[in-house]
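J.: any chance you could fold what I've pasted below:
(2 chains)
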Amino acid sequence: MKRKWGVVAEFESPAALYAAAKRVIDQGYSKVDAHTPFPVHGLDAVLKQGPSHVGWFAAAMGLIGIGGAQLMMWWMNGVDYPIWVSGKPPYAWEPTIPITFELMVLLASFGALLSMLGLNRLPRLHHPIFSHGTFHRASDDRFFLSIESSDPKFDQTNTPQLLVEVGGQHVELIEED
Amino acid sequence: MTAITVQDLPENPLERAPIVEGNETFASVTETVARVSEERTPRGWFLLFGASVLILANLAAMVGYLIWTGVGVWGNNNPVGWAWDIVNFVFWIGIGHAGTLISAILFLFRQKWRTSINRFAEAMTIFAVIAAGMFPAIHVGRIWVIYWVFPLPNQMGIWPNFKSPLLWDVFAVSTYFTVSLLFWYVGLVPDLATYRDRFARRGKMLAARIYGLFALGWHGSNRHWINYEKAYLILAGLSTPLVLSVHSIVSFDFAVSLLPGWHTTIFPPYFVAGAIFSGFAMVITLLVPARQWLGLHNLVTLNTLDNMAKIMLLTGTMVGYAYGMEFFIAWYGGVEYESFAFVNRAFGPYWWSYWIMVSCNVISPQFFWIRRLRRSPWFLFVMSIFVNIGMWFERFVIVVTSLHRDFLPSSWAYYRPTLIDILTLAGSFGLFMTLFLLFARYLPVLAISEVKGTMKEANPHHGGHAGHRDVHAPEGAHV
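T.: The predicted structure follows:
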């Protein structure tokens, strides 16, 4: 028999999901996640999911953008091929501000996007949870709760039972790929 | 189709109007938007698309002729070295700014009504910036060495001059395009997942695979949403100063020169206000027919249109103020060349363009003081056309009237566009409309997941079940 990935249950509304998530966490489960068509605010506190680290990556990339822009303009216009126009110094900080700003924005944006994908382990072509029978509604109008089998409290009979007790429908054990 | 039942409320400012009207549920929101891409292609779409592609083909012919022959095919002459190419560039890039304003600035201000129009407006931004970016590229004459504008090693061993505002423009516009595209795409990912799941259910596996590829395997995990929302917030935070910088830098192309009529400090804020004004006009020009034809009345409500008209009233009045202030400073500054440039603008050979600009841009937004007119979609549509025309003429006035009479009266001349100029401008609309029609057919025209997030049932502390909407506490009060 294949290894189990976890168990997944469906809920009708964000409110039902929220209440169920609270009870599951109170039971001591830790590898719990919700799957919703839009971000349901307040769930992260219930599921004990910490804040995002995307900001640090964006900030670091932004600083690289600032430094890189300054280095580029100083070296190209000030050192490698100085252009003397109307008596202005080949390199001065004032006219470099617009391009420095633009490159900061450009690199920080890529930092935000790529770190978001990286931290989410995306893109990926498949995920075990897609084999759940009604999971296609997670991008439409249903709200799902999953408990992974790597959770120390996970049990093939008790855990699905618990999800039924907290009001979950279509409770299914999901196999690993 | 049933009659449009739009609640005309509430005027009590303490109570917010619902963003989604009618009896919409999560499922019906998905259905309303996804239906547009799932139904058989309507005949009207083919007609519009065919016309747009023809105009686009005309653009290709015009650009091909230009590159083959040289910029002499345009009407640009000696004092008027910049003409319709730069007018069109500034016009299109300005249009783009409304999309970023709606998607980024209104997001930071928690203006939730933006959710029903942001996808639309962001798409418009991207296509407008594509149309805009074409003009500087083709106006250089020798397009095969356009890479000289980038700091790339080349056979001359020389680097671009970073002190030139024209080079700032290269960085500003290319950054703006890239960041707008990223922002748009990030917003699209959850909705592409919706499309993937729907097409897969209906057995259309090829479409499902293509949407699925771009949905990146999104499965709505709450851990993912946390990072996603943070990334979205950061992109909004970066786009906000970016959009202000882009049109400021575009205005530096003019303001950093010494030409009377261009060399003014009012230019950056005046350009930004004008850009937002023209962009909102273009959003309305596209949105009013789309709302009608795609049946989005419950999602794109009259309140949304009303809000947009208010922003046009504000920015249009700012533009009118800038027109007046330019004249005041020209007189108060006491520089005779500056005074001449402005008198010449209003009463010189191009007086007609100046007064077209003033009547379209200053008068038409003033109708929006009247609530009934703000809430009349087709009236808004007609006004938006006037504003589009007026804002194109604004750029024409700035570029051509300042150049055609320079410091040396012996070189004064009158500029006339050639047929090629006119067909190239028309062709840029073909490019824009072709891209836009493809978007409106194959991608979610509304941000599905964001719209759902603004509904009452989305709040986990909402008492009732889905479908029931009660009088709500001010939502988002905790943010």
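
J.: mind listing the strands for chain A?
T.: When assigned using DSSP state E, the strands of chain A occupy the ranges A:4-11, A:32-35, A:143-148, A:169-175.

J.: of those strands, which approaches chain B most closely?
T.: Closest approach to chain B among the strands of chain A (CB to the nearest CB): strand A:32-35, 4.1 Å. Every C-beta, even on glycine, is put in place using the N, C-alpha and C of the backbone.

J.: on contacts alone, who are the packing partners of that closest one?
T.: helix A:14-26, strand A:143-148, helix B:222-255 (3 or more CB pairs under 8 Å, 6 or more residues apart in numbering or on different chains; DSSP states H and E).

J.: just to revisit the earlier point, now the strands of chain A as CSV including mean neighbour count, distance to residue A:119 and mean pLDDT?
T.: What follows is those, written out as CSV (neighbours: other CB atoms under 10 Å in any protein chain shown; distance: least, CB to CB, whole Å; pLDDT from 0 to 100):
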stretch, mean neighbour count, distance to residue A:119, mean pLDDT
strand A:4-11, 23, 20, 95
strand A:32-35, 24, 14, 96
strand A:143-148, 25, 18, 96
strand A:169-175, 17, 23, 94
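
J.: most packed of the helices and strands packed on strand A:32-35?
T.: Among these, judged by mean count of other CB atoms under 10 Å in any protein chain shown, the one packed with the most neighbours on average is strand A:143-148 (a mean of 25).

J.: now the angle from it to helix A:14-26?
T.: Interaxial angle, strand A:143-148 versus helix A:14-26 (axes from the mean of the first three to the mean of the last three CA atoms, to 10 degrees): 20 degrees.

J.: which residues touch strand A:143-148?
T.: A:5-14, A:16-17, A:20-21, A:24, A:29, A:31-37, A:40, A:129, A:132, A:135, A:138, A:154, A:159, A:163, A:168, A:174, B:220 (CB atoms under 8 Å, 6 or more residues apart in numbering or on different chains).

J.: 7 Å - rerun?
T.: For strand A:143-148, the external contacting residues (CB atoms under 7 Å, 6 or more residues apart in numbering or on different chains) are A:5-11, A:13-14, A:17, A:20-21, A:24, A:29, A:31-36, A:129, A:135, A:138, A:154, A:159, A:163, A:168.

J.: pull the CA atoms of that strand into PDB?
T.: Extracted C-alpha coordinates of strand A:143-148, given in PDB (Å, rounded to 0.1, in the frame of the first residue of the first chain):
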ATOM      1  CA  PHE A 143     -12.700  25.700   2.100                       C
ATOM      2  CA  PHE A 144     -10.400  22.800   2.900                       C
ATOM      3  CA  LEU A 145      -8.400  21.700   5.900                       C
ATOM      4  CA  SER A 146      -5.500  19.300   5.600                       C
ATOM      5  CA  ILE A 147      -3.500  17.400   8.200                       C
ATOM      6  CA  GLU A 148      -0.300  15.800   7.000                       C
END
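
J.: list, one by one, the residues from the stretch 301-450 of chain B near chain A.
T.: Residues of the stretch 301-450 of chain B lying near chain A by CB under 7 Å from any CB of the partner chain: B:449-450.

J.: measure the closest residue to chain A within the stretch 301-450 of chain B to residue B:194 for me?
T.: Nearest residue of the stretch 301-450 of chain B to chain A (CB to the nearest CB) works out as residue B:449 at 4.2 Å. Plainly put, residue B:449 is 7 Å away from residue B:194 if you go by CB to CB, to the nearest Å.

J.: in chain A, which residue is most central in space?
T.: residue A:120 (4.3 Å; CA atoms, centre = their mean).

J.: confidence score at that one?
T.: With respect to pLDDT, residue A:120 scores 95.

J.: so who does it touch?
T.: B:224, B:227.

J.: repeat the analysis, applying 10 Å as the threshold.
T.: By CB atoms under 10 Å, 6 or more residues apart in numbering or on different chains, residue A:120 lies in contact with A:52, A:54, B:216-219, B:221, B:223-228, B:231.

J.: now the residues you listed as a markdown table including pLDDT and distance to residue B:142?
T.: As requested, the contacts of residue A:120 are exported to a markdown table (pLDDT from 0 to 100; distance: CB to CB, whole Å):
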| residue | pLDDT | distance to residue B:142 |
| --- | --- | --- |
| A:52 | 95 | 47 |
| A:54 | 96 | 43 |
| B:216 | 95 | 40 |
| B:217 | 94 | 45 |
| B:218 | 96 | 45 |
| B:219 | 94 | 50 |
| B:221 | 95 | 51 |
| B:223 | 95 | 52 |
| B:224 | 96 | 48 |
| B:225 | 96 | 49 |
| B:226 | 96 | 50 |
| B:227 | 96 | 46 |
| B:228 | 96 | 44 |
| B:231 | 97 | 40 |
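
J.: residue B:239: which of those residues is nearest?
T.: Of all those, residue B:231 has the smallest distance to residue B:239: 12.2 Å, by CB to CB.

J.: tell me what angle the helix or strand harbouring residue B:276 forms with helix B:222-255.
T.: Assigned by DSSP states H and E, residue B:276 belongs to helix B:267-294. Interaxial angle of helix B:267-294 relative to helix B:222-255 (the same axes, to 10 degrees): 130 degrees.

J.: now helix B:267-294, how far from the centre of its chain.
T.: 6 Å (CA atoms, centre = their mean, to the nearest Å).

J.: next secondary structure after it?
T.: helix B:302-332.

J.: report the distance from that next one to the chain centre.
T.: For helix B:302-332, the distance to the chain centre is 17 Å (CA atoms, centre = their mean).

J.: and what of stretch B:221-238?
T.: Per CA atoms, centre = their mean, the centroid offset for stretch B:221-238 relative to its chain is 24 Å.

J.: and if you look at stretch B:444-455?
T.: Counting by CA atoms, centre = their mean, stretch B:444-455 comes out at 20 Å from the chain centroid.
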